[in-house]
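[1] pasting the structure only:
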């Protein structure tokens with residue numbers, strides 16, 4: 001199963017599930033990262049930096065640890 005951190009800039013994916021503790025899940029849900037939503041990878045910072053994504057009409061930066069909790073299915 002792929003996670004958000006496995007994707008490269010320019011790729012889009014549909015969120016299948018959010019894993020992790022309830023605190024992390026709730027934070028991601030509040031940001032609009034919910035199952036069924038499509039996200040796009042905008043930028044992957046080098047050296048373990050954050051991953052910039054687009055969800056809805058806004059951009060977010062996520063830690064790699066948070067991105068690894070988001071299970072996705074690639075979409076076109």
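    Cool, got the structure. What you are looking at is a predicted structure, and each value in this text was computed from that prediction instead of being measured.
[2] so where do the helices sit in this protein?
    Secondary structure of the chain, counting by DSSP state H: helices at 22-30, 64-67.
[3] any idea of the mean pLDDT for the first one?
    So that's helix 22-30. Average pLDDT, helix 22-30: 93.
[4] Tell me how many other residues surround residue 70.
    Close neighbours of residue 70, defined as other CB atoms under 10 Å, add up to 26. (Glycine included, C-beta is placed from N, CA and C.)
[5] wait, doesn't it sit right on residue 18?
    Yes: using CB atoms under 8 Å, residue 70 is in contact with residue 18, at 5.6 Å.
[6] shared neighbours, these two?
    28, 33 (CB atoms under 8 Å, 6 or more residues apart in numbering).
[7] Flag the shaky bits of the chain, pLDDT-wise.
    76 (pLDDT under 70).
[8] one step back: tell me which of the helices of the chain sits nearest to residue 37.
    Set against residue 37 and scored by CB to CB, the helices of the chain come closest in helix 22-30, at 10.0 Å.
[9] what's that closest one in contact with?
    By CB under 8 Å, 6+ apart, helix 22-30 touches 18, 19, 34, 66, 69, 70.
[10] in the sheet, who's paired with the residue nearest to residue 74 when sequence neighbours are not counted?
    Among residues not flanking residue 74 along the chain, residue 13 sits closest, at 5.1 Å (CB to CB, 6 or more residues apart in numbering). Judged by DSSP bridges, the bridge partners of residue 13 are residue 39, residue 74.
[11] correct me, but residue 13 touches residue 2?
    Yes: counting by CB under 8 Å, residue 2 is a contact partner of residue 13 at 7.3 Å.
[12] Overlap in contacts, these two.
    Jointly contacting residue 13 and residue 2 under the rule CB under 8 Å, 6+ apart are 72, 73, 74.
[13] Thanks a lot, see you next time.
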